[in-house]
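Engineer: Compute the structure for the input listed below.
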Amino acid sequence: MPYDPKPVKGLSTTNPEYLPMISADGEWCYFTRKYQTKTRDDLTSKSVENFMVAQMEGGVFNSGNAMTAPFNRKKSNNEGGAAITINNKELFFTVNIGGNFDIYYSKFVNGKWTEIVSVSENVNDPVRWDSQPSISSDGKTLYFASYRDSVTEKSDIYQSKRNKSGEWSAPKKLSSVINTIGNEKSPFIHSDSRTLYFSSDKLAGMGGFDIFYSKLKDDNTWTQPVNIGYPINTEADEVGFFVSLDGKTAYFASDALDGIGGYDIYSFELYKEARPEKVLFVKGTLKDSNNEVPKKAKIELKSVSTKEIHEIEYDTTSGEYASVVLFKDDLMMTVEKEGSNFNSYYFSADDTATTQPQKVDFEIKKLITGQNFNLNNILFETNSFELNEVANNVINYFSEYLKRNPKLKVEIQGHTDDVGDDNENLELSNNRALAVFNRLKDLGIGESRIAYKGYGETHPVEENKSEEGRMKNRRTEIVVVSN
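Structural biologist: Numbers count the residues shown, from 1 in each chain. Just a heads-up that it's a prediction; the model follows:
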């Protein structure tokens, strides 16, 4: 298999770096860096391990800075091995105090990290080694390694579940499909919440600790682990492996390669068979017309083909949301609040841009006469007014919204950019609005509730000087006539 690991630019320096973890949005990397520092007598030196964070800048990570308080405390021997939730608001990591390794966490609140605390007495054994946390994309399942089995005295992989009250369950050892009579450690659950990468010294391997992967089936059992193979696995120990959101890039730390300074952080293209499931990562904010966070709004992602619904929670203080879902077919995202406008966004499984995090902000508007809102993703080919499959799907959902609001009457407005003849643009916009009108009528919406009109290029919302501005002006808009 092709395998060409390269040191990650910015992160790898002449000092040793290891235990890396990159946030799901690819913006932050948490890792440990070891360096030599002078002692008080200035005659000798000692090794110091710092828990570090680096930020992506212009497509490259900077070299990183030591995490400030409450991290890197003097009373802990070392901290690191982090996992972070997809919204970058909760950080789980290992703390060594007096030789006892436990899992701690901190929350990012009002621009700073809160005091670190033990994740739970249910999770951390008072005398046993608990380390190497990994958190599922919904933030409800924590995987970690522990030596708590007093019978085997071996490292195994456990999971703990978080309930609605925020309490963690007593850890449960993963099945014997994953845990052997040997040692299993370094678990990483991908954002798909199905693909688990981990290291084992007992499963059939090349020698020492090798990297394996297994997938969680619909019946909550694990597939037989697969050795990720040579040359990724060698006779040496391979641990600390994780995979990017899109599944194409794998990361690890090693001192066995020709790097920059001892242990370095490497990346390489992961072969297709070992990749996780395809996912959609969407995040953004939900605000009303007064820039306040609406209460009792509902955000949903719906499968266009299966109609399966995934509900997304949002922060009722900041309005922020973040979610990862399996992305097997097209998804329709909707935001609903009683007495408010139709809000939607369509994600096509064929759109290559969706392999990266998608940011979608929503504005909730009250249904009052004269209020306007866009029908997103109603796009037309140049000089065409034919509705494509995506547009038809969006209109289908809009028709359901109209049926749930039977008193609502609207005007469908077509708009263009300023490219081309004014009169032709006016006619084109009218035909596009008519196409939406006819589709709604076919879906059972009475003509007394819907009207249509084309406005050509006369009502721009942005300047037409850039393609981005022109794109925003080519839109289908809904205006409330009465409610």
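
Engineer: can I get the CA coordinates of the helix ranked longest in the chain in CSV?
Structural biologist: Ranked by number of residues, the top helix in the chain under DSSP state H is helix 422-442. This file holds the C-alpha atoms of helix 422-442, laid out as CSV (Å, rounded to 0.1, in the frame of the first residue of the first chain):
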residue,chain,number,x,y,z
ASP,A,422,-32.5,44.0,-18.1
ASN,A,423,-35.7,42.9,-19.8
GLU,A,424,-34.5,39.4,-20.3
ASN,A,425,-33.5,39.2,-16.6
LEU,A,426,-37.0,40.4,-15.7
GLU,A,427,-38.6,37.7,-17.8
LEU,A,428,-36.2,35.0,-16.5
SER,A,429,-36.9,35.9,-12.9
ASN,A,430,-40.6,35.8,-13.5
ASN,A,431,-40.4,32.3,-15.1
ARG,A,432,-38.3,31.1,-12.2
ALA,A,433,-40.8,32.3,-9.7
LEU,A,434,-43.6,30.7,-11.8
ALA,A,435,-41.7,27.4,-11.7
VAL,A,436,-41.7,27.4,-7.9
PHE,A,437,-45.4,28.5,-7.9
ASN,A,438,-46.4,25.6,-10.2
ARG,A,439,-44.4,23.1,-8.1
LEU,A,440,-46.2,24.2,-4.9
LYS,A,441,-49.5,24.0,-6.7
ASP,A,442,-48.8,20.5,-7.8
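
Engineer: Which strands or helices does that helix pack on?
Structural biologist: Counting contacts by 3 or more CB pairs under 8 Å, 6 or more residues apart in numbering; DSSP states H and E, helix 422-442 is packed against helix 389-404, strand 409-415, strand 450-454, strand 475-482. C-beta: built from backbone N, CA, C; applies to glycine.

Engineer: Outline the domain layout of the chain.
Structural biologist: Per automatic domain parsing, the structural domains of the chain span 6-274, 278-366, 367-483.

Engineer: Adding mean pLDDT as columns, could you present those domains in TSV?
Structural biologist: TSV is the format used below for these (pLDDT from 0 to 100):
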stretch	mean pLDDT
domain 6-274	91
domain 278-366	95
domain 367-483	94
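
Engineer: any chance of these in JSON lines, plus mean neighbour count?
Structural biologist: Shown next, in JSON lines, are the domains of the chain (neighbours: other CB atoms under 10 Å):
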{"stretch": "domain 6-274", "mean neighbour count": "18"}
{"stretch": "domain 278-366", "mean neighbour count": "17"}
{"stretch": "domain 367-483", "mean neighbour count": "17"}
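
Engineer: quick one: E411 and S482 touch, right?
Structural biologist: No. Judged on CB atoms under 8 Å, E411 makes no contact with S482 at a distance of 10.4 Å.

Engineer: and P2, how many neighbours?
Structural biologist: 7 (other CB atoms under 10 Å).

Engineer: Am I right that it is in contact with E269?
Structural biologist: Yes. P2 is within contact range of E269, at 6.9 Å (criterion: CB under 8 Å).

Engineer: what are the ranges of the strands in the stretch 101-250 of the chain?
Structural biologist: Listed in chain order, the strands of the stretch 101-250 of the chain (DSSP state E, counting those that start in this stretch) span 112-113, 117-118, 130-135, 141-146, 156-161, 172-173, 184-189, 195-200, 210-215, 226-227, 242-243, 249-254.

Engineer: so what does the fifth one touch, helix or strand wise?
Structural biologist: Secondary structure elements in contact with strand 156-161, counted by 3+ CB pairs under 8 Å, 6+ apart, are strand 141-146, strand 172-173, strand 184-189.

Engineer: okay if I get those as CSV plus distance to K295?
Structural biologist: What follows is the helices and strands packed on strand 156-161, written out as CSV (distance: least, CB to CB, whole Å):
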stretch, distance to K295
strand 141-146, 29
strand 172-173, 36
strand 184-189, 33
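
Engineer: So what touches stretch 474-482?
Structural biologist: Applying CB atoms under 8 Å, 6 or more residues apart in numbering, the contact partners of stretch 474-482 are 341-342, 367-375, 378-380, 398, 407-417, 432-433, 436, 451, 461.

Engineer: among the helices and strands packed on strand 156-161, which is nearest N290?
Structural biologist: Smallest distance to N290 across the helices and strands packed on strand 156-161 (CB to CB): 37.3 Å, for strand 141-146.

Engineer: so that closest one versus strand 130-135, what angle?
Structural biologist: On the basis of axes from the mean of the first three to the mean of the last three CA atoms, to 10 degrees, strand 141-146 is oriented at 160 degrees to strand 130-135.

Engineer: And strand 141-146, how far out from the chain middle?
Structural biologist: Distance, stretch centre to chain centre, for strand 141-146: 20 Å (CA atoms, centre = their mean, to the nearest Å).

Engineer: Can I get it as CSV, trimmed to CA atoms?
Structural biologist: Presented in CSV, the C-alpha positions along strand 141-146 are these (Å, rounded to 0.1, in the frame of the first residue of the first chain):
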residue,chain,number,x,y,z
THR,A,141,-19.7,8.2,25.0
LEU,A,142,-16.2,8.3,26.5
TYR,A,143,-13.7,5.6,25.5
PHE,A,144,-10.5,5.2,27.5
ALA,A,145,-7.8,2.7,28.4
SER,A,146,-7.4,1.3,32.0
